[in-house]
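[1] Provided below for reference: sequence and predicted model.
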Amino acid sequence: MSAPAIDSVRTTTPKTTGKRSGKAKRTTPARFDTALGWNDRPGTAWALRILLCAIALAVFAGPFLAILSGAFTRNASGSSLSFLPHDSTLQNFTVAGERGIWDYFSNSLVIAGGGLLLQLVVCTLAAYALARHRFRGQALVLTLFMLTMMLPEEVIAIPLSLVLGDVPVVHLDLKGTVWGVILPLGAWGFSVMMLTEFMKDIPDEIEEAARLDGVGELRMLWQIVLPLCKPALGVAGVLGFIMIWDQYLLPLIAAKDPTDYTVTVALSVLRSDPQVGSGVVLAGAVIALVPSLIVYLLLQRSLVTGIAAGATKG
C-alpha cells in the first residue's frame, strides 16, 4: 500500500519544480543583445563600458567635429579649434571656391569615377580567372598581386613617372591627362584577392549546371557569378573609391600643370598659401570629405554584409 503513495509523490514533484523554475526564469534580468553584453543594472562594469564608448567616440568623431567647426568659423586658428563654431560664416567656402577648389573637385570626381569603374572590371575578370579556372602559374600570379600591396608608393614613384612620360610600345605621354592617373589604378591587389576568395566559395554544381545549358564564360560571369558576389563587390567599391579619392602622390606625378591637380593635392597648395587662413583649408577638407561619406552611406549595407560574410566564411 505504501508503494503507490510514493509513486504519486514522485509524479507530482516535477510539476511543482517546473512552476518554480518558470517563475525563476521570469525574474531573471534581461540582457541587451549586444557584443558588449550590457545589462540593465548600472554598476562598475556598466560605467566602464560607457566610459570606453565615450573615449572611442571622442577619438573618432572629435577630429571630424573640429574640422567641421573650423570650416564655418571666421578667422579659425589651427591651434584653437573647438567642437562648436563661433562667429559662423560661409566666407571660408567662398574663398576656397575662388582658389579653384571646385575645379580640383571635378578632376577628382572624374578620376575616382573612371578609376573605380576600370578597377572593378579588371579586378573582377582577374578574380574570376583565378577562382574558377586552373592554369599553370596561378599561384605565381596571385603572389604578384600580393606583392603589389607591399610596395610603398614612394618606391615606384620615379619608375612610374618615367613610364607615364613615355608609355612603352605606343610611346604616348599621359602626363597632364586623367588617363595618367586612372590607368595605374586599374588593378588593386586587395580587390583581386578578396573577390577571388568569394568566387571560390561558389558551388561547382551551379557552374556545371550552367555549362550543360550552354552558358559561355561572359554570361557565366555576368548572370551567375556576379549576382552571388554582390557583398564582395560592395566592399571593393567602397574601399576602392576611398583609395582612389585619397591618392596624393600619383596625381602629383601625373600632373603637368596646377590645373591638373586633384582636391587632395589642392589642399596642400592651399595650406602653403600665406594669404589663405586655416579656415579656408578646413573648408576645403570638408568639401573633400563629402564624396567619401556619401559613397559609404549608400553602400554601407553591402560593406557590412560583405565583411560579415568574409568573417563567417567556412
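    Nice, thanks for sending it over. Since this is a predicted model, take the numbers as computed values, not measurements.

[2] hey, C-alpha coordinates of stretch 234-248 in PDB?
    C-alpha atoms of stretch 234-248 as PDB (Å, rounded to 0.1, in the frame of the first residue of the first chain):
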ATOM      1  CA  GLY A 234      30.100  46.400 -52.400                       C
ATOM      2  CA  VAL A 235      33.300  46.100 -50.200                       C
ATOM      3  CA  ALA A 236      35.500  46.500 -53.300                       C
ATOM      4  CA  GLY A 237      33.500  49.500 -54.400                       C
ATOM      5  CA  VAL A 238      33.600  51.400 -51.100                       C
ATOM      6  CA  LEU A 239      37.300  50.700 -50.300                       C
ATOM      7  CA  GLY A 240      38.300  51.200 -53.900                       C
ATOM      8  CA  PHE A 241      36.700  54.600 -54.100                       C
ATOM      9  CA  ILE A 242      38.200  55.800 -50.900                       C
ATOM     10  CA  MET A 243      41.700  54.500 -52.000                       C
ATOM     11  CA  ILE A 244      41.400  56.400 -55.300                       C
ATOM     12  CA  TRP A 245      39.900  59.500 -53.800                       C
ATOM     13  CA  ASP A 246      42.700  59.700 -51.200                       C
ATOM     14  CA  GLN A 247      45.500  59.500 -53.800                       C
ATOM     15  CA  TYR A 248      48.100  62.200 -53.400                       C
END
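
[3] how about it: buried residues?
    Gly234, Val235, Ala236, Gly237, Val238, Leu239, Gly240, Phe241, Met243, Ile244, Trp245, Gln247 (16 or more other C-beta atoms under 10 Å). In this view, the C-beta of every residue, glycine as well, is placed from N, C-alpha and C.

[4] need the helices for the stretch 201-314 of the chain, in chain order.
    In the stretch 201-314 of the chain, the helices defined using DSSP state H, counting those that start in this stretch lie at 204-212, 217-220, 226-228, 230-245, 249-254, 263-272, 278-311.

[5] any idea what sits nearest Leu267, other than its immediate chain neighbours?
    Gly284 (5.2 Å; C-beta to C-beta, 6 or more residues apart in numbering).

[6] okay, the one you found: pLDDT?
    Per-residue confidence (pLDDT) for Gly284: 92.

[7] From Asn92, how far off is it?
    9 Å (C-beta to C-beta, to the nearest Å).

[8] Same drill for those two, tell me which one is more crowded.
    Gly284 (28 against 25; other C-beta atoms under 10 Å).

[9] From Val290, how far out is the more buried one?
    In terms of C-beta to C-beta, Gly284 sits 11 Å off from Val290.

[10] repeat for Glu208
    Distance from Glu208 to Val290, by C-beta to C-beta: 47 Å.

[11] residue nearest the centroid of this protein?
    Among the residues of the chain, the one closest to the centroid is Leu239, at 3.4 Å (C-alpha atoms, centre = their mean).

[12] Give me the nearest residue to it, chain neighbours excluded.
    Leu239 sits nearest to Phe190 (C-beta to C-beta, 6+ apart), 7.0 Å away.

[13] Doesn't the one you found lie inside a helix?
    Yes. Assessed with DSSP: H, G, I helix; E, B strand; the rest coil, Phe190 lies in a helix.

[14] Sketch out the low-pLDDT regions of the stretch 201-314 of the chain for me.
    The stretch 201-314 of the chain contains residues with pLDDT under 70 at 309-314.

[15] Mind doing that once more with 80?
    274, 300, 302-314 (pLDDT under 80).

[16] helices or strands next to the host helix or strand of Ala56 in the packing?
    Ala56 belongs to helix 44-71 when elements are defined using DSSP states H and E. Counting contacts by 3 or more C-beta pairs under 8 Å, 6 or more residues apart in numbering; DSSP states H and E, helix 44-71 packs against helix 278-311.

[17] angle of the helix it packs on against helix 44-71?
    140 degrees (axes from the mean of the first three to the mean of the last three C-alpha atoms, to 10 degrees).

[18] Just give me how far helix 278-311 sits from the chain centre.
    7 Å (C-alpha atoms, centre = their mean, to the nearest Å).

[19] follow-up on the earlier one: let me know the closest of the buried residues of stretch 234-248 to Leu84.
    Trp245 (28.1 Å; C-beta to C-beta).

[20] Check which residues of stretch 133-151 are buried.
    Buried, per 16+ other C-beta under 10 Å, within stretch 133-151: Leu142, Phe145.

[21] Over to stretch 220-230?
    Buried residues in stretch 220-230 (16+ other C-beta under 10 Å): Met220, Leu221, Ile224, Val225, Leu226, Cys229.

[22] one step back: out of the helices of the stretch 201-314 of the chain, which comes closest to Leu120?
    helix 230-245 (6.4 Å).

[23] just checking, what packs against that closest one?
    Using 3+ C-beta pairs under 8 Å, 6+ apart, helix 230-245 sits against helix 101-132, helix 189-200, helix 278-311.
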